[in-house]
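> After the sequence you'll find the predicted model.
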Amino acid sequence: MRNFEQTIGNLIDKATLSCISYVDEEGFPLTKAMLPPRERQGIKVFYFTTNTSSNKVKCFIKNPNASIYFVDKRFFRGVNLVGTVEVLTNEEDKERIWRDGDTMYYPKGVTDPDYCVLKFTARKGRFYANFKNEDFII
């Protein structure tokens with residue numbers, strides 16, 4: 001791959017499916033489909049919205065290890081990123097990530113106590129395309 005960060009960034013931006021995986025209280029991995037990231041910094045840092053009351057938030061507070069996976073179903077390719085998640089509840093991050101229409105999920109608005117931001121920071125990844133995998137460090 002000539003420019004893996006650009007190639008992977010393009011895949012992420014066009015992905016039709018994104019998932020986040022976490023470890024539950026019994027040590028089992030769980031995967032959840034997510035809305036696309038609201039913001040990303042290259043292929044290292046991603047910001048997602050979610051409900052503070054969700055099971056994954058409770059699990060991330062106890063164990064921040066996570067992975068995110070983005071799929072381009074049209075070309076049957078994807079990228080898995082492995083790293084950690086921070087649960088952000090401060091007003092500054094919540095306001096920056098907030099979008100029009102989010103009241104559908106968080107009826108009390110940007111100050112809704114059931115609204116938080118997940119900050120995922122990648123350490124490494126694996127890209128799949130054309131029947132081949134390529135591992136990389138970030």
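Looks like it came in fine.

> alpha carbons only for contacts and neighbour counts from here, please
Will do.

> Can you give me the buried ones in the longest helix anywhere in the chain?
In the chain, taking DSSP state H as the definition, the longest helix is helix 4-14. Residues of helix 4-14 classed as buried: 8-9, 11-12 (neighbour count, 16 or more other C-alpha atoms under 10 Å).

> of those, closest to residue 136?
residue 8 (11.2 Å; C-alpha to C-alpha).

> For the closest one, report the pLDDT, please.
You'll see residue 8 listed with a pLDDT of 94.

> How much space separates it from residue 110?
Per C-alpha to C-alpha, to the nearest Å, residue 8 is found 31 Å from residue 110.

> pretty sure residue 39 contacts residue 48?
Yes - assessed by C-alpha atoms under 8 Å, residue 39 is found in contact with residue 48 at 7.5 Å.

> how close does the residue lying closest to residue 72 once chain neighbours are set aside sit to residue 55?
Distances taken as C-alpha to C-alpha, 6 or more residues apart in numbering put residue 15 closest to residue 72, at 4.8 Å, once the chain neighbours are dropped. Applying C-alpha to C-alpha, the value for residue 15 to residue 55 is 25 Å.

> neighbour count winner among these two?
residue 15 (19 against 12; other C-alpha atoms under 10 Å).

> OK, contacts around residue 46?
Counting by C-alpha atoms under 8 Å, 6 or more residues apart in numbering, residue 46 touches 37-40, 118-121.

> Which parts of the chain are strands?
17-23, 29-34, 39-41, 45-51, 65-72, 77-88, 115-129, 132-137 (DSSP state E).

> picking that back up, can the buried residues of helix 4-14 go into a markdown table with extra columns for distance to residue 93?
Formatted as a markdown table, the buried residues of helix 4-14 follow (distance: C-alpha to C-alpha, whole Å):
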| residue | distance to residue 93 |
| --- | --- |
| 8 | 25 |
| 9 | 22 |
| 11 | 25 |
| 12 | 21 |
